[in-house]
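S.K.: from the sequence below, what's the structure:
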Amino acid sequence: MKGYIIWPSYLNKNLSKKEGRKLPKNLSLDDPKFEEIKNALESIGINHKIEKNARYPKEQGKEDRKIGRFIVEEKFSKNEILKKISKEIRKNRGGN
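M.R.: I've put the predicted structure just below:
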């Protein structure tokens, strides 16, 4: 499947932009879980493929970091997909 690559780090508000966060802090999440992202993608109807053993390049050598990434269809812009994932996870966590 050809598409955008989404790493959980893109959504993590505990990381700096330099460390890989793509969204502003007010839209980012506190340590998003791989399963939460998967469920959010399914809920918003974005086809995706999971690569569980991939490690985010900026996290090489940090064994405590989680691994895995998603390849998602290019249904919206990458930034819009990240915002939709964040919104869906917030909703599922009981937030706004």
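S.K.: residues in contact with D31?
M.R.: N12, N14 (Cβ atoms under 8 Å, 6 or more residues apart in numbering). For glycine as for every other residue, the C-beta is placed from the backbone atoms N, C-alpha and C.
S.K.: an error on my part: the question was meant for I71.
M.R.: Here I71 is in contact with M1, K2, G3, Y4, I5, I6, H48, K49, E51 (criterion: Cβ under 8 Å, 6+ apart).
S.K.: name the SS class of the second one, please.
M.R.: Under DSSP: H, G, I helix; E, B strand; the rest coil, the three-state class of K2 is coil.
S.K.: what's the burial count for it?
M.R.: As a burial measure, K2 scores 6 neighbours (other Cβ atoms under 10 Å).
S.K.: switch to numbering from 58
M.R.: From this message on, residue numbering opens at 58, which makes the last subject K59.
S.K.: pLDDT below threshold where in this structure?
M.R.: 58, 114-123, 152-153 (pLDDT under 70).
S.K.: and the strands in it?
M.R.: Along the chain, counting by DSSP state E, strands occupy 61-63, 105-108, 126-129.
S.K.: and whichever helix in the chain runs longest, what's buried?
M.R.: The single longest helix within the chain, with elements called by DSSP state H, is helix 135-149. Buried residues in helix 135-149, counted by 16 or more other Cβ atoms under 10 Å: I138, L139, K140, K141, I142, S143, E145, I146.
S.K.: who is K106 paired with across the strands?
M.R.: I128 (DSSP bridges).
S.K.: grab the nearest non-local neighbour of the residue most central in space within the chain.
M.R.: What sits nearest the mean C-alpha location of the chain, by Cα atoms, centre = their mean, is P65, with 3.6 Å. Nearest in space to P65, with sequence neighbours left out and distances taken as Cβ to Cβ, 6 or more residues apart in numbering, is P89 at 5.4 Å.
S.K.: look up how far S143 lies from that neighbour.
M.R.: Distance check for P89 against S143: by Cβ to Cβ, to the nearest Å, it reads 8 Å.
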